[in-house]
Structures are given as structure tokens and as C-alpha cells.
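Asker: what follows is a predicted protein model with its sequence.
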Amino acid sequence: MRRRRSKVCKLVASPRLQALVTAKLADRWSPEQIAGWLKRTHPGRPELQVKRPG
């Protein structure tokens, strides 16, 4: 039996992050590109960053 995840996904918790990611996906960016861009664009703001997939 699996336990429920207690943390809320960052994209659900942050409308701003969700908008940034959604816009880049609409421009056909890969998840890896988005994660790298967020890290470079918002280096001191971990709430506006996502982990690279894989």
C-alpha cells in the first residue's frame, strides 16, 4: 500500500511558476530546457525553480 504524498506540487502551489512553465511548454521547450532556464533566470528563488527530470 502506498502512502499519500503530503507535499503539494510546486506548480499547483505557485500560479506564477505554473504560468512560466506553461508558456515555455506552449513554445515547445523541453522540460530540461525549462528547468535550466528557470535556474538561470531565478538563481536565488528556489520557489521559482523545478528539478530537472530524470
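Answerer: Received the coordinates, thanks.
Asker: helix or strand for Ile34, which one?
Answerer: Here Ile34 sits within helix 31-41, counting by DSSP states H and E.
Asker: mean confidence for that helix?
Answerer: The average pLDDT for helix 31-41 rounds to 95.
Asker: packing partners for it?
Answerer: helix 15-26 (3 or more Cβ pairs under 8 Å, 6 or more residues apart in numbering; DSSP states H and E). Yep, even glycine has a C-beta here, placed from its N, CA and C like the rest.
Asker: and the helix it packs on, what does it pack onto?
Answerer: Under the contact definition 3+ Cβ pairs under 8 Å, 6+ apart, helix 15-26 sits against helix 10-13, helix 31-41.
Asker: export the last one as CSV, just CAs?
Answerer: Only the C-alpha atoms of helix 31-41 are listed here, as CSV (Å, rounded to 0.1, in the frame of the first residue of the first chain):
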residue,chain,number,x,y,z
PRO,A,31,11.2,20.1,-19.5
GLU,A,32,15.0,20.0,-19.3
GLN,A,33,15.3,23.4,-21.1
ILE,A,34,12.6,24.9,-18.8
ALA,A,35,14.3,23.7,-15.6
GLY,A,36,17.7,25.1,-16.8
TRP,A,37,16.2,28.4,-17.8
LEU,A,38,14.3,28.8,-14.5
LYS,A,39,17.6,28.1,-12.6
ARG,A,40,19.5,30.7,-14.6
THR,A,41,16.7,33.3,-14.6
